[in-house]
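In: sharing a model prediction with you, sequence too.
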Amino acid sequence: MSTYTDKIRETAQRLLKECKVEMVIGFRKGSQPMMNEPCVVRSPEEVDQLIWDSNCGINLANYLTNRKEKIGIVAKGCDSRNIVTHIVENKIAREQLVIIGVPCLGMIDKRKIAAAADGEILSVTEADGQVMVKTAQATQTFAKSDVLQGNCSVCTHRNPVIHDEMIAEPVPEQTDVDPYADVAEIDAMTPEQRHAFFEELLAPCIRCYACRNACPLCYCPTCFVDESKPQWVGKGQDPADVRTFHFLRAYHCAGRCTDCGACQRACPVGINMRLLTKKLNKDCLELYGWEAGLSTETRPALDDYQPNDPENFIH
Amino acid sequence: MKVIKIEKSQWSQGLDNLRDAFRLFGPVIEKGFYDYRELAAGQAPDLSFQNTRLSPKSLVFPQSETMLNYSLDPADPERNIMKEAPKDYAPRAVIGLRPCDAKAMVLVKMNFDTEEYQDPYWLNLYNATTFVGLACDAPCGTCFCTSAGCGPYHEEGLDVLLTDRDDHYLAKALTDKGAQLLEKAGWTQAADADTIIEKAKQAAEAKVTSKIETDGLRAADTMALYNAGFWDDVAFACINCGTCTFSCPTCWCFDIQDEAYRTKGVRMRNWDSCMFPIFTVHTTGHNPRDTKTQRVRQRFMHKLKYFVDKYDQGIMCVGCGRCVRQCPVNIDIRKVSALMNALSVQARCAV
Ligand code: SF4
Ligand code: SF4
Ligand code: SF4
Ligand code: SF4
């Protein structure tokens, strides 16, 4: 991973020196184990802040929305797909960007590790596909593949789909994964079971909106939950209002979500709201053969009509 | 005040004795995380926690609270009259809140209980509650209470302070309320344990190694801090969610909303957050804190400077570390305070 870091710094420095970009968006080391902080560097002297490791799960496309500068951006597979979506949706222009592609080997799930660790975590390091977790009591080693974020363990687009620079050779894509196994489980439930499942899933939500705000798709100037004229949804903790927020937000992401996992990662109470967006991703794939953010040349599923579009789901 | 020894074998009986006089609340573990809940009959608080994910502020300041009810029914002679919502202000006791969270109650009280205004909702719940604290013998690495005007054995805001001594608790009654609770529970065995508690306190304080730097802030020039060059860099990663403010025991902002359906309506208040863009939007549409940087600056300036200037009672942070642990993009108040403090040293003499 340190070679990734070196290559990112070199590339950022060159782009800034040659005035190809005004700023580079990437990650710097966080103050907590398994946390990095999105940051921006504006001069060649500052590039040593930039780093790369398996804790770069925040989606950096989120930081591009409506920016006017010429920007270099570090992008793993899912970030690149959200950059494509941003370009298609006119949130940033392709010409403004120099995309520094990072072939990604997946991000580690800080909650999985915290749950498996024996006591409070003091530090987490990684090498050769292993993750070493140090606590006051012990040092534990996990295979990285066992502690990946849920979305990363089933990701089939690890390599950036769009890039101007690549900091390493592409990594092999995962082919033997079933991204929708969890959705299938919910599909198989009776309506009553499903209702109970979602009730329980969303019960801990405190409506902090970290999921929405971490999502590059959620850039509406005023989100429907924040509107007051008319007021679409109550602002309190009534479960009906909490669920309305989640269900409607998921629909607003239909055909756009890249399953980057930033929403789930950001949630302070660990809710897997991705289950909602994934169901819609699965529908888009099955009905329209559509996966979001793969090309700037095609129109998104919900933005396009084909005479042979299936209609049998409309009742 | 006196110290009582509670054998752990007497613990649950004592709690049961309290149930006639108090509704009991305490930490319980749910899906791997601790939170405060009302304890069911026979349920004991789970005191093996380090700290809860969300603070206990919701016990006196619920996230959503109905203030008033009204009828919109044209046939109702009392329609359109706001009426106090019925509430249960019977005595309650929180068993096992951490000293930092108790100190936070004291800070929040400065806002809800002033000479000019006394917030009835907050005060009624606060006054109905007896706070039984649990000293921290194993603070988290992200706790910095000792440099935030607080500490693992801090007593402010508590009625009783418990110390866990393996097979027994030592309970220090700090107020009359606390002494009464201990008596009601039937815990009466006096102990001469001041030295034991003092030693445990020193050992616990020594374990809090994380610090916040604030010594220069009081004397610093407010505008020099406000205009500091670092705010854009501090704010860049922030996604303006409510995580830091909602999980913070000292954040007290709320928003009042009316919700009406058919013939009935409620006026309620909900937690609000200075990090939300709509927090400051005027009815004209103008937003005086229109940018992320302004909002992030507001949060830190309020906690570390405006509060200090207004009350002169230290910072509006007790060092619980929740915002540090839970911010999705790792914005760390200790780092920000260090930046502000370093500037303070230069900005002290600014005019
Ligand atoms: S909904 Fe979640 S997984 Fe989908 S693009 Fe947004 S942040 Fe990523
Ligand atoms: S981040 Fe989690 S708690 Fe916050 S609004 Fe989203 S689901 Fe709810
Ligand atoms: S500082 Fe962190 S927790 Fe607070 S609003 Fe910003 S992103 Fe959310
Ligand atoms: S500002 Fe952060 S550390 Fe301080 S009391 Fe609030 S949540 Fe705790």
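Out: Structure received. Ligands and ions are numbered 1, 2, ... in the order given.
In: C-alpha only now, for contacts and for neighbours.
Out: Noted.
In: state the number of residues packed around the closest residue in space to B:Asp309 that isn't next to it in sequence.
Out: By the measure of C-alpha to C-alpha, 6 or more residues apart in numbering or on different chains, the closest residue to B:Asp309 outside its immediate chain neighbours is B:Arg218, 6.8 Å from it. B:Arg218 is surrounded by 21 other residues when neighbours are defined as other C-alpha atoms under 10 Å in any protein chain shown.
In: ok so B:Arg218 is a helix residue?
Out: No: following the definition DSSP: H, G, I helix; E, B strand; the rest coil, B:Arg218 is coil and is not counted among the residues of a helix.
In: in its sheet, what does the helix or strand containing A:Ile73 sit against?
Out: Counting by DSSP states H and E, the element that carries A:Ile73 is strand A:71-75. Applying DSSP bridges, strand A:71-75 is found paired with strand A:23-29 (parallel), strand A:97-101 (parallel).
In: what about whatever residue of the stretch 101-250 of chain A ends up closest to chain B, distance to ligand 4?
Out: Among the residues of the stretch 101-250 of chain A, A:Cys208 lies closest to chain B, at 4.2 Å counting by C-alpha to the nearest C-alpha. A:Cys208 sits 14 Å away from ligand 4, going by C-alpha to the nearest ligand atom, to the nearest Å.
In: with adjacent residues omitted, what lies nearest to that residue?
Out: For A:Cys208, the closest residue by C-alpha to C-alpha, 6+ apart turns out to be B:Gly242, at 4.2 Å.
In: check what pLDDT that neighbour gets.
Out: According to the predicted model, the pLDDT of B:Gly242 comes to 96.
In: can you pull the residues of chain A lying near ligand 1?
Out: Of all the residues in chain A, those in contact range of ligand 1 (C-alpha under 6 Å from any ligand atom) are A:214-217, A:257-263, A:274, A:277.
In: surely A:Lys235 touches B:Asn270?
Out: Yes: if you go by C-alpha atoms under 8 Å, A:Lys235 and B:Asn270 touch, sitting 7.3 Å apart.
In: neighbour count: the two, which is higher?
Out: More neighbours sit around A:Lys235 than around the other of A:Lys235 and B:Asn270, counting by other C-alpha under 10 Å; the figures are 24 against 19.
In: centroid residue for the chain?
Out: Just so you know, I chose chain A. A:Cys260 (2.7 Å; C-alpha atoms, centre = their mean).
In: switch to chain B, please.
Out: Most central in chain B under C-alpha atoms, centre = their mean is B:Pro249, positioned 2.5 Å from the mean C-alpha point.
In: state the helix or strand in which that residue lies.
Out: With DSSP H and E as the test, B:Pro249 turns up in no helix or strand.
In: hmm, B:Pro56 and it touching each other?
Out: Yes: counting by C-alpha under 8 Å, a contact exists between B:Pro249 and B:Pro56, whose distance comes to 6.9 Å.
In: need the residues touching each of these two.
Out: Taking C-alpha atoms under 8 Å, 6 or more residues apart in numbering or on different chains as the contact definition, B:Pro249 and B:Pro56 share the neighbouring residues B:Asp101.
In: how many neighbours does the residue of chain A found nearest ligand 3 have?
Out: Ligand 3 sits closest to A:Ala210 of chain A, with a gap of 6.4 Å, by C-alpha to the nearest ligand atom. In terms of burial, A:Ala210 registers 23 neighbours under the definition other C-alpha under 10 Å.
In: tell me, how many residues neighbour the nearest residue to it once chain neighbours are set aside?
Out: For A:Ala210, ignoring the flanking residues on the chain, the nearest one in space by C-alpha to C-alpha, 6+ apart is B:Cys241 at 4.7 Å. The local packing count at B:Cys241 equals 25, with neighbours defined by other C-alpha under 10 Å.
In: where in chain B is pLDDT low?
Out: Applying pLDDT under 70 to the predicted model, the residue ranges of chain B that meet it are B:1, B:347-351.
In: what segments of the chain are helices?
Out: No chain was given, so I picked chain A. In chain A, the segments counted as helices under DSSP state H are A:2-17, A:77-88, A:110-116, A:150-153, A:181-187, A:191-202, A:210-214, A:239-252, A:262-266, A:274-288.
In: the intended chain is chain B.
Out: Secondary structure of chain B by DSSP H: the helices cover B:11-18, B:99-112, B:120-128, B:176-185, B:194-207, B:222-226, B:231-235, B:243-247, B:292-301, B:307-311, B:322-326, B:333-347.
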